[in-house]
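A.B. asks: Please work out how this folds:
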Amino acid sequence: MDKLAFAGVVVALVAIFGGYALEGGGISALFNLPALIIVFGGSIGAVMLQTPKQDFINGVKLFPKIWSDPHSDVEEYQEKIKKWAETSRQKGFLSLEPHAALEDDPFVKKALMMLIDGAEDDVLKESLILEIELDSEKKLRAANIYEALGGYSPTIGILGAVLGLIQAMTNINDPALLGQGIATAFVATIYGVAAANLLFIPFGEKLKAQIDIEILFREMIVNGVLSTSNGDNPQMIAKKLSAYHPVNP
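C.D. replies: Below you'll find the predicted structure:
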């Protein structure tokens, strides 16, 4: 769990609602179900219209990654690679089969199995790098749905405000109801701007950062497996892979 992500949402909401309350505003005035439906429903619908089905589904599946630490086990895998190198030098690549069976990460498992199967270094590297590129491209397309939501929601918020004003003008002969209706109408604008800048755009940027970190992690695996394939000294492999420590948050 990424505690910083949760803390960021809490800080933003407390700052906005707290500041509004300090100015004497009533928090209950900011809650309006029709405005919520217009902004979020309209924004999601617009993104569904512009996004290929699979990209949209993948984007929804990526949502939990916003709140999780990306590959906080980098040091653990550096130790694993070192052990794989030591084991393979002593007993051969086939001795790594039990290690591959224990791996949950499909990419790591594939890399180890290609090594065990005796794949040529060029083939191994080309295959794994291609998978990294294709997978990251797929995930980046999926992450773009959140930036798209951030682009549409302010405009949909304005649309909601206009619709609210149209409804408010039906009470033009009653100043009290007219004023209340106008105040409610602008809640939609608040929802649109707040959702874009506090949620959707940060979601998209966070996922892109997560994807970049995952790419570095996988590149580390590739370099480690290739070094193991070449029979490099395990200590030297560990030193080389230590350059990837910055990917560990």
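A.B. asks: where in this protein is pLDDT low?
C.D. replies: Applying pLDDT under 70 to the chain flags residues 71-72, 176-177, 179-180, 246-249.
A.B. asks: which one's the longest helix in it?
C.D. replies: In the chain, taking DSSP state H as the definition, the longest helix is helix 121-168.
A.B. asks: That one packs against which elements?
C.D. replies: helix 33-36, helix 42-50, helix 53-62, helix 106-116, helix 175-194, helix 201-229 (3 or more Cβ pairs under 8 Å, 6 or more residues apart in numbering; DSSP states H and E). Where C-beta positions appear, they are placed from N, C-alpha and C, glycine not excepted.
A.B. asks: Dump the ones you listed to a markdown table, plus distance to V162.
C.D. replies: Shown next, in a markdown table, are those (distance: least, Cβ to Cβ, whole Å):
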| stretch | distance to V162 |
| --- | --- |
| helix 33-36 | 12 |
| helix 42-50 | 12 |
| helix 53-62 | 28 |
| helix 106-116 | 49 |
| helix 175-194 | 8 |
| helix 201-229 | 23 |
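A.B. asks: picking up where we left off before, how many degrees apart are the longest helix of the chain and helix 42-50 in direction?
C.D. replies: 130 degrees (axes from the mean of the first three to the mean of the last three Cα atoms, to 10 degrees).
A.B. asks: Can you give the distance of helix 121-168 from its chain's centre?
C.D. replies: Distance, stretch centre to chain centre, for helix 121-168: 10 Å (Cα atoms, centre = their mean, to the nearest Å).
A.B. asks: Specify the angle between that helix and helix 201-229 in degrees.
C.D. replies: Helix 121-168 and helix 201-229 are oriented at 170 degrees to each other (the same axes, to 10 degrees).
A.B. asks: so helix 121-168 versus helix 53-62, what angle?
C.D. replies: Going by the same axes, to 10 degrees, helix 121-168 makes 90 degrees with helix 53-62.
A.B. asks: Look at F107 and say how many residues are nearby.
C.D. replies: 17 (other Cβ atoms under 10 Å).
A.B. asks: er, I57 actually
C.D. replies: Residues near I57, counting by other Cβ under 10 Å, number 13.
A.B. asks: That one and A111, how far apart?
C.D. replies: For I57, the distance to A111 (Cβ to Cβ, to the nearest Å) stands at 27 Å.
A.B. asks: swap in L102?
C.D. replies: 14 Å.
A.B. asks: In terms of neighbours, single out the busier of those two.
C.D. replies: Taking other Cβ under 10 Å, L102 and A111 do not tie; A111 has more neighbours (27 against 10).
A.B. asks: residues contacting the more buried one?
C.D. replies: A111 is in contact with L124, L128, I221, V222, V225, counting by Cβ atoms under 8 Å, 6 or more residues apart in numbering.
A.B. asks: Appreciated, that's everything.
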